[in-house]
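**Student:** quick one, structure for this:
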Amino acid sequence: MTSAPEVEANLTMARVLLERARAEGVTLAALPENFAIMGRKETDKVEVAETPGEGPIQAFLGHCARELGLWIIGGTIPLRVDNEPERVASASLVFDDHGRCLGRYDKIHLFDVGIPNHDAPQRDERYRESATVAPGSQPTVVPTPFGRIGMAVCYDVRFPELFRVLSEQGAEILSLPSAFTAPTGKAHWELLMRARAVENLCYILAPAQSGIHPNGRETWGDSLIVDPWGQVLSRVAEAGPGLAVAEIDRTVQQELRERFPALSHRRFTIAPPSLNLAD
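**Tutor:** Okay, here's the model as predicted:
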């Protein structure tokens, strides 16, 4: 998707893509990070934030899941945070095909970085996601008929210890809705997605924002589905809205894990730290 500041228009486009997916026989669909709003300014998402379990974006996801008979990973949406009116949770929600929300993951690693532009230093990109987003703290794995889905979002992909925790919690599929910048996407997007798939012998679902948004930001796109051997099964290479479709074969995955038992050869364990996430 190339999401814009207008929530209603973004939901309309998401519905079109979900309907296309269902027409192609899809039963599990995933939307990108910030699919419902890419504001002109970062505080715009705070203004449309919803209470957990209520609001038009969550209702949209539930209705689409139920009406189309789809499981849907709802990219990320802004949800209100107790006692933090200036910040929201960047929450990825999982809805079953009856429209019930069965899982929630709040983005843990926030994008507070400066990206140098070596060709034009005056165009360096700087981001401080933590100014408007409160970080999550809990790794999340959601049981589904397709396998156990380990949840992550965008910048999380650079922290392999999170994915080791998800793997130890039984993840078979990794969900990575993203809005990668163009410079970092060009350098690292496919590399990181394939690495996380190979390291954990998991499928990767990586739906991404794509193109130039009304706020002037350019996102890399290249939505990917990657198999546990690191092969790209499907991608949306062109800019703008599109659909990647592939089959998840858990029998092949299990056979691979048995023949190549790297996960059982690990000599170190990873446990979720006791996080102190105060600014």
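**Student:** now for A208, how many residues are close by?
**Tutor:** A208 has 26 neighbours, counted by other C-beta atoms under 10 Å. For the C-beta atoms, the positions are set from N, CA and C on the backbone; glycine is no exception.
**Student:** check which helix or strand covers S92.
**Tutor:** Per DSSP states H and E: S92 is located in strand 88-95.
**Student:** neighbours of the closest residue to L263 other than its chain neighbours, just the number please.
**Tutor:** Spatially, and ignoring its direct neighbours in sequence, L263 is nearest to L201 (6.0 Å; C-beta to C-beta, 6 or more residues apart in numbering). By other C-beta under 10 Å, the residues close to L201 number 21.
**Student:** with W189 instead?
**Tutor:** A total of 22 residues lie near W189 under the criterion other C-beta under 10 Å.
**Student:** I'd like the numbering to begin with 56 instead of 1 from here.
**Tutor:** That works, and once the first residue is 56, the last one we named lands at W244.
**Student:** give the next helix or strand downstream of the host helix or strand of it.
**Tutor:** W244 belongs to helix 237-255 when elements are defined using DSSP H and E. Scanning forward in sequence from helix 237-255 by DSSP H and E, the next helix or strand is strand 258-261.
**Student:** so, low pLDDT: which residues of this protein?
**Tutor:** Residues of the chain that meet the criterion pLDDT under 70 lie in 173-178, 328-334.
**Student:** ok, the residue nearest the centre of the chain - contacts?
**Tutor:** For the chain, P232 is the residue whose C-alpha lies nearest the centre (C-alpha atoms, centre = their mean; 1.8 Å). The contact partners of P232, taken as C-beta atoms under 8 Å, 6 or more residues apart in numbering, are 85-88, 90, 128, 130-131, 147, 208-209, 261-263.
**Student:** now tabulate the residues you listed in a markdown table and tack on distance to E74.
**Tutor:** Rendered in a markdown table, the data for the contacts of P232 read as follows (distance: C-beta to C-beta, whole Å):
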| residue | distance to E74 |
| --- | --- |
| A85 | 15 |
| L86 | 13 |
| P87 | 17 |
| E88 | 21 |
| F90 | 15 |
| I128 | 17 |
| G130 | 17 |
| T131 | 21 |
| S147 | 21 |
| V208 | 25 |
| C209 | 26 |
| A261 | 21 |
| P262 | 16 |
| A263 | 20 |
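**Student:** is F315 in contact with V253, as I believe?
**Tutor:** No - using C-beta atoms under 8 Å, F315 and V253 do not qualify as a contacting pair, with a distance of 10.1 Å.
**Student:** tell me where the stretch 106-255 of the chain has helices.
**Tutor:** In the stretch 106-255 of the chain, the segments counted as helices under DSSP state H, counting those that start in this stretch are 111-123, 215-223, 237-255.
**Student:** which secondary structure elements does the second one contact?
**Tutor:** This points to helix 215-223. strand 202-206, helix 237-255 (3 or more C-beta pairs under 8 Å, 6 or more residues apart in numbering; DSSP states H and E).
**Student:** out of these, which one sits most buried?
**Tutor:** Mean neighbours per residue, mean count of other C-beta atoms under 10 Å, is largest over the helices and strands packed on helix 215-223 for strand 202-206, with a mean of 24.
**Student:** restricting to C-alpha, output that strand in PDB.
**Tutor:** Extracted in PDB, the C-alpha atoms of strand 202-206 (Å, rounded to 0.1, in the frame of the first residue of the first chain):
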ATOM      1  CA  GLY A 202       0.900 -22.300  12.200                       C
ATOM      2  CA  ARG A 203       2.100 -20.300  15.200                       C
ATOM      3  CA  ILE A 204       2.700 -16.700  14.100                       C
ATOM      4  CA  GLY A 205       5.400 -14.700  15.700                       C
ATOM      5  CA  MET A 206       4.700 -11.000  15.600                       C
END
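**Student:** each with direction, which strands does that strand pair with?
**Tutor:** Sheet pairing here is set by DSSP bridges, and for strand 202-206 it gives strand 196-199 (antiparallel), strand 228-230 (parallel).
**Student:** hey, which of the ones you listed is tucked in deepest?
**Tutor:** Relative to the other members of these, strand 228-230 carries the highest mean neighbour count by mean count of other C-beta under 10 Å, namely a mean of 27.
**Student:** burial of the closest residue to L86 other than its chain neighbours, as a residue count?
**Tutor:** In space, L86 comes closest to G130 once its chain neighbours are excluded; the distance is 3.8 Å by C-beta to C-beta, 6+ apart. G130 has 30 neighbours, counted by other C-beta under 10 Å.
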